[in-house]
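Student: I'll drop the sequence and a predicted model, then ask my questions.
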Amino acid sequence: MFNKVLIANRGEIALRVMRTCREMGIKTVAVFSTADAESLHVRFADEAVCIGPPPSKDSYLNIPRIMAAAEITNADAIHPGYGFLAENADFAEICGEYDIKFIGPTPSQIRSMGDKITAKTTMIAAGVPVVPGSGGLLTDLKEGKNTAKEIGYPVILKATAGGGGKGMRVVWEESNFEKQWEMARNEARASFGNDGIYVEKFIEEPRHIEFQIAGDQHGTVVHLSERECSIQRRHQKLVEESPSPFMTDELRKAMGEAAILAGEAIHYEGVGTIEFLVDKYRNFYFMEMNTRIQVEHPVTEEVIDHDLIKEQLKIAMGEKISGKNYLPMMHAMECRINAEDPFKDFRPSPGKIISLHTAKGHGVRVDTHVYAGYVIPPYYDSMIAKLICRARTREECITKMERALDEFIVEGVRTTIPFHKKLMKDEQFRAGNFHTGFLNDFDMGTEE
Ligand code: MV4
């Protein structure tokens, strides 16, 4: 049983983790940069330690400072949240060296999914469907072109060190291969210091559907149903929901089994997510695994009525999980409310929140760290709240979301609320007809 947990994060997720710790009788330590001195996560925690100036590399990404904070407060575990150090295998390893439990998977589990070719090779061996492709690193341009010809155009070039869309290039015909190859390599080298590239068949107009899984220290892996995450812009998700409107009982069974195989293949310990691409014929392919709690985890919490942070803490303490899978019992949807101007290409809009009224009422949940008078710093991500609605059907859930968006008032900064209001009225969205390219031709129109 943990006595005290340090939360190596900020914002809504730091608060989210602290809430569950409180309910479990676990003391909490916040760490914060000087930009976050007035943050709720600092006030909410039992103890708080300033770990440096605003830039992330000097504070939330600075491992020595976080370890020092854990040592002086005598914390026996660290929860990394999402982002920052959540998928940093070296950090997880250092926690172990300090005899502090990293609340998440082991360093080797993180590493095995951080390199995309290693991840893919592991999945092939486990019998999880993957996109047809090179199966390994491409050594040179000639090999790349030959492999692309075998697979058949269009193909996609991906960085093995990548993920989340960086260093990816689609090639429609051989005449463009060399140029895209160079671009992909340069982008990968600049972003990751690793220019390893592999090639896959390009799946056109796919959906992004992911499965939440959980594995314990005793070898049990279960799935906790899916999340539909196709509504995204430039690889930033804006809306997530569960169940996916594209899902069938048969597909859920097949994808759920594949997700469990994926977790079992690496003896996964913790909560994690198996991301799949799903084509229009409902063929599905493993894409990536996220070895952390995700932003959109509340959608799953609402449909299966389970606290996923509590699951993380229990797994980290060595408890057994029940061994049964969970199916959605309700419909839930999350809208990410970002301090961004949707009428100006979603450009960041940091600054002071002059007044705030969050949505309330039956079936409405708001996860946020902001309050009236709070100043959104320009240094970190722009998400200021997650609005989650839950109802018996997708239709009722959308109706509730429209009502909740109408009563959600933020003055002082621009937000993505007008975007969500427009999306909820879109006929194709309401009909469940969308894929990952949906927002490419979504017109925000002009402001009234
Ligand atoms: C693909 C793909 C089509 N075919 N792979 C984007 C992020 C990275 N995780 C993988 N991604 C994609 N991989 C093949 N073989 C299309 C995407 C993709 C995408 C995937 C999920 C969500 C949004 C996306 C937006 C553009 C492209």
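Tutor: Nice, I can see it. Numbering: from 1, shown residues only.
Student: of all the residues in the stretch 301-448 of the chain, which one is nearest the ligand?
Tutor: Per Cβ to the nearest ligand atom, residue 436 is where the stretch 301-448 of the chain lies closest to the ligand, at 3.6 Å. To be clear about C-beta, it is placed using only N, CA and C from the backbone, and glycine gets the same treatment.
Student: that residue: neighbour count?
Tutor: Other residues within reach of residue 436, judged by other Cβ atoms under 10 Å, total 18.
Student: phi first, then psi, for the nearest residue to it once chain neighbours are set aside.
Tutor: Nearest residue to residue 436, sequence neighbours excluded (Cβ to Cβ, 6 or more residues apart in numbering): residue 230, at 4.9 Å. Taking degrees, to the nearest 10, you get phi -80, psi -20 for the backbone angles of residue 230.
Student: measure stretch 17-30 end to end?
Tutor: Terminal residues of stretch 17-30 lie 11 Å apart, using Cα to Cα, to the nearest Å.
Student: what comes into contact with that stretch?
Tutor: 2-7, 9, 14, 41-42, 44-49, 69-70, 73, 75, 79, 81, 307, 309-310, 313 (Cβ atoms under 8 Å, 6 or more residues apart in numbering).
Student: out of those residues, list just those in helices.
Tutor: If you go by DSSP state H, those have 14, 41-42, 44, 69-70, 73, 309-310, 313 in helices.
Student: out of these, which are buried?
Tutor: Neighbour-count burial (16 or more other Cβ atoms under 10 Å) is assigned, among the ones in helices among the contacts of stretch 17-30, to 14, 41-42, 44, 69-70, 73, 309, 313.
Student: and the end-to-end length of stretch 302-322?
Tutor: Start and end residues of stretch 302-322 are separated by 19 Å (Cα to Cα).
Student: what residues does the stretch 201-350 of the chain put near the ligand?
Tutor: The stretch 201-350 of the chain comes close to the ligand at residues 201-203, 206, 208, 232, 235, 277, 287-288, as judged by Cβ under 6 Å from any ligand atom.
Student: farthest pair within the residues you listed?
Tutor: Spatially, the most separated pair among these is 201 and 232, at 21.2 Å (Cβ to Cβ).
Student: which residue ranges make up each domain of this protein?
Tutor: According to automatic domain parsing, the chain comprises the domains 4-103, 132-201, 207-441.
Student: mean pLDDT for those: which is lowest?
Tutor: Of all these, the minimum mean pLDDT falls on domain 132-201 (a mean of 93).
Student: endpoint to endpoint, that one covers what distance?
Tutor: Per Cα to Cα, domain 132-201 runs 6 Å from first to last residue.
Student: just how off-centre is that domain within its chain?
Tutor: 24 Å (Cα atoms, centre = their mean, to the nearest Å).
Student: ditto for stretch 298-310
Tutor: Using Cα atoms, centre = their mean, the offset of stretch 298-310 from its chain centre is 15 Å.
Student: go on, stretch 415-425?
Tutor: So, by Cα atoms, centre = their mean, the centroid of stretch 415-425 is 21 Å from its chain's centroid.
Student: what helices or strands is the helix or strand harbouring residue 64 leaning on?
Tutor: Using DSSP states H and E, residue 64 sits within helix 63-73. Packed against helix 63-73 by the contact rule (3 or more Cβ pairs under 8 Å, 6 or more residues apart in numbering; DSSP states H and E) you find strand 4-7, strand 27-33, strand 47-52, helix 89-97.
Student: what do you get if the cut-off is 10 Å, keeping everything else the same?
Tutor: Judged by 3 or more Cβ pairs under 10 Å, 6 or more residues apart in numbering; DSSP states H and E, helix 63-73 is in contact with strand 4-7, strand 27-33, strand 47-52, strand 77-79, helix 89-97.
Student: nearest to residue 170, of these?
Tutor: Residue 170 sits nearest to helix 89-97 of all the helices and strands packed on helix 63-73, at 29.9 Å, using Cβ to Cβ.
Student: just checking, next helix/strand downstream of the closest one?
Tutor: Note on helix 89-97: by DSSP H and E, the next helix or strand toward the C-terminus is strand 101-102.
Student: let me know whether stretch 131-140 sits next to the ligand.
Tutor: Yes. For stretch 131-140, a contact with the ligand is found by Cβ under 6 Å from any ligand atom, at residue 131.
Student: quick check: end-to-end length of that stretch?
Tutor: Chord length of stretch 131-140, first to last residue, is 21 Å (Cα to Cα).
Student: next one: stretch 365-377
Tutor: With Cα to Cα as the measure, what separates the two termini of stretch 365-377 is 24 Å.
Student: roughly how far out does it sit from the chain middle?
Tutor: 20 Å.
Student: what comes up buried for it?
Tutor: Neighbour counts over stretch 365-377 (16+ other Cβ under 10 Å) mark 365-370, 374, 376-377 as buried.
Student: could you do stretch 341-351 as well?
Tutor: So, applying 16+ other Cβ under 10 Å, buried residues of stretch 341-351: 341-342, 346, 348-350.
Student: could those residues go into CSV alongside distance to residue 65?
Tutor: CSV is the format used below for the buried residues of stretch 341-351 (distance: Cβ to Cβ, whole Å):
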residue, distance to residue 65
341, 34
342, 36
346, 32
348, 26
349, 30
350, 24
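Student: which one of these sits closest to residue 219?
Tutor: Closest to residue 219 out of these is residue 346 (43.4 Å), distances taken as Cβ to Cβ.
Student: pretty sure the closest one is touching residue 238, no?
Tutor: Yes. Using Cβ atoms under 10 Å, residue 346 makes contact with residue 238 at a distance of 9.0 Å.
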